[in-house]
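> here is my input; please provide its structure:
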Amino acid sequence: MRLFIAAHFPEETNQRLLEFNNFLKENARGNFTKPQNLHMTLIFLGETDSKTADKIVKIMENTIPNHPVTMKFEKIGRFKRGNESLVWAGGDSQKLSEIHQQLSTELQNTGINQDLKKFVPHVTLGRRIQFKTPSRNEKEIDEFLASINAEFETSISKISLMESELTSTGPNYKELFTIIL
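Okay, the predicted model is just below:
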């Protein structure tokens with residue numbers, strides 16, 4: 001099983017993120033995130049067996065608080081990948097960063113492998129994005145993304161252990177375990 005731990009948002013937040021996607025679709029082409037796949041990855045675990053998945057659930061139960069967590073979105077940005085970009089909406093949440101760190105520490109202490117990249121709170125809006133105006137240089141693209149007003153605050157509704165199945169039409173995600181906040 002290919003697993004990750006994800007934070008999910010209320011429906012009104014997902015609608016706001018989809019509005020950003022629709023605006024981006026007018027100005028770019030690529031693989032935009034399906035509405036049902038919007039989430040924020042806290043920890044990517046990769047290929048994991050069911051016995052290890054059970055251990056991850058126990059760690060989540062003992063680590064994740066069952067009280068509300070807020071997230072402040074601040075901007076639309078991108079990670080450059082050659083002539084394409086991964087475009088995201090991101091911001092800050094001190095409490096979410098603390099949860100990430102606690103989960104990561106407990107997973108490491110239990111010997112469970114995880115991706116140890118620095119946690120950057122973001123929701124992927126699209127992958128392999130190419131902006132339509134061929135004359136746009138890197139600076140113009142960054143200025144365009146910075147001009148999108150993406151400042152708002154929201155709550156995180158739940159944190160889940162997710163299974164990802166990669167298909168020819170994109171990833172399919174399945175919730176295996178959930179903690180409601």
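> would you mark the buried spots in the biggest strand by length in the chain?
For the chain, the longest strand by residue count, based on DSSP state E, is strand 69-81. If you call a residue buried by 16 or more other C-beta atoms under 10 Å, then strand 69-81 has these buried ones: 69, 71, 73, 76-78. Where you see a C-beta, it was placed from the backbone N, CA and C, and this is true even at glycine.
> tell me what it is packed against?
strand 84-92, helix 94-109, strand 122-131, helix 138-146, strand 152-156 (3 or more C-beta pairs under 8 Å, 6 or more residues apart in numbering; DSSP states H and E).
> TSV for the ones you listed, including distance to residue 179?
Shown next, in TSV, are these (distance: least, C-beta to C-beta, whole Å):
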stretch	distance to residue 179
strand 84-92	22
helix 94-109	10
strand 122-131	19
helix 138-146	33
strand 152-156	10
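> now do the contacts for the closest residue in space to residue 50 that isn't next to it in sequence.
The shortest distance from residue 50 to any non-neighbouring residue, by C-beta to C-beta, 6 or more residues apart in numbering, is to residue 1 (7.0 Å). By C-beta atoms under 8 Å, 6 or more residues apart in numbering, the contact list for residue 1 reads 47-50, 53, 163.
> just put the residues you listed in JSON lines and tack on secondary structure.
Below are the contacts of residue 1 laid out as JSON lines (DSSP: H, G, I helix; E, B strand; the rest coil):
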{"residue": "47", "secondary structure": "strand"}
{"residue": "48", "secondary structure": "coil"}
{"residue": "49", "secondary structure": "coil"}
{"residue": "50", "secondary structure": "helix"}
{"residue": "53", "secondary structure": "helix"}
{"residue": "163", "secondary structure": "strand"}
